[in-house]
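Chemist: sharing a model prediction with you, sequence too.
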Amino acid sequence: SLGEVLGFGADEIQAMGDAFLPSLAHPDDLPKIGAHFNAIKGLADNDVLTIDYRMKHKAGHWVWLLSRDTVFERATDGSVISHIGSAIDITAQMQFETELNAIRDELETVLNAASSGIVALNADGDVVRINSQARHMLGGVSSNPPFPWPNEINFLDSETMQPLDASADPVQRALAGHDL
């Protein structure tokens, strides 16, 4: 039960009554929780609404929950009498996403602070990361990743200033599966 996920016994939840949700929900999430419950009133049969939100655990920390709700019973006029839902703890997933976003932001900072042009390609040859210096070197590419590597761009031999052949071109070597 939701009470167990939050560390409360059934008797404690029952004692809270209607104050359960407003007293344990994160204040920033209360508006979207209210909107979610209002949306259930207009939900079509067999449709499911989802929402993620935070609730305070009995021990004092916040628990992220993902709830899925659907209409359970309707009145003869079609209005919703009751709904049924389930909630799962997604705290670990949300913490992972927060950490991943922080790492992504750090990577962007490092890439854009580098004085060299840096481009990352996926296995299909699409540019998935590019810093501002590389954008400049590629003639001011303004597309947001992912985008295809520009075929008209060639790496030049530093001595002859001639285009490198495919065996020496770092992009072609990477796409062929070679380590650089």
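Modeler: Structure received.
Chemist: what ranges do the strands span in this structure?
Modeler: For the chain, the strands defined by DSSP state E occupy 49-56, 62-74, 80-89, 119-121, 126-130, 147-148.
Chemist: among these, which is the most enclosed?
Modeler: Greatest average neighbour count among the strands of the chain goes to strand 119-121 (a mean of 19), per mean count of other C-beta atoms under 10 Å. Yep, even glycine has a C-beta here, placed from its N, CA and C like the rest.
Chemist: not counting its own residues, what contacts that one?
Modeler: 127, 128, 129, 130, 131, 134, 149, 171, 174, 175 (C-beta atoms under 8 Å, 6 or more residues apart in numbering).
Chemist: can you lay out the residues you listed as a markdown table showing distance to residue 69 and pLDDT?
Modeler: Below are the contacts of strand 119-121 laid out as a markdown table (distance: C-beta to C-beta, whole Å; pLDDT from 0 to 100):
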| residue | distance to residue 69 | pLDDT |
| --- | --- | --- |
| 127 | 41 | 89 |
| 128 | 37 | 91 |
| 129 | 39 | 89 |
| 130 | 42 | 89 |
| 131 | 44 | 90 |
| 134 | 47 | 89 |
| 149 | 46 | 82 |
| 171 | 49 | 81 |
| 174 | 47 | 80 |
| 175 | 47 | 78 |
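Chemist: for residue 77, state which of those residues is nearest.
Modeler: Ranked by distance to residue 77 (C-beta to C-beta), these are led by residue 128 at 53.3 Å.
Chemist: thinking again about what came up before, farthest pair within the contacts of strand 119-121?
Modeler: 131 and 175 (20.0 Å).
Chemist: counting by contacts, list what the lengthiest helix in the chain packs against.
Modeler: For the chain, the helix with the greatest residue count under DSSP state H is helix 91-113. Counting contacts by 3 or more C-beta pairs under 8 Å, 6 or more residues apart in numbering; DSSP states H and E, helix 91-113 packs against strand 62-74.
Chemist: okay, now the sheet partners of the strand it packs on, with direction.
Modeler: Partners of strand 62-74 in the sheet, by DSSP bridges, are strand 49-56 (antiparallel), strand 80-89 (antiparallel).
Chemist: tell me the pLDDT of the residue lying farthest from the centre of the chain.
Modeler: Of all residues in the chain, residue 160 has its C-alpha farthest from the mean position, at 46.8 Å, by C-alpha atoms, centre = their mean. As predicted, residue 160 sits at a pLDDT of 89.
Chemist: buried set for the least confident helix or strand in the chain by mean pLDDT?
Modeler: Between all helices and strands in the chain, the lowest mean by mean pLDDT, DSSP states H and E belongs to helix 170-175, at a mean of 81. For helix 170-175, burial by neighbour count (16 or more other C-beta atoms under 10 Å) applies to 171, 172, 174, 175.
Chemist: what does stretch 37-52 give?
Modeler: 40, 49, 51.
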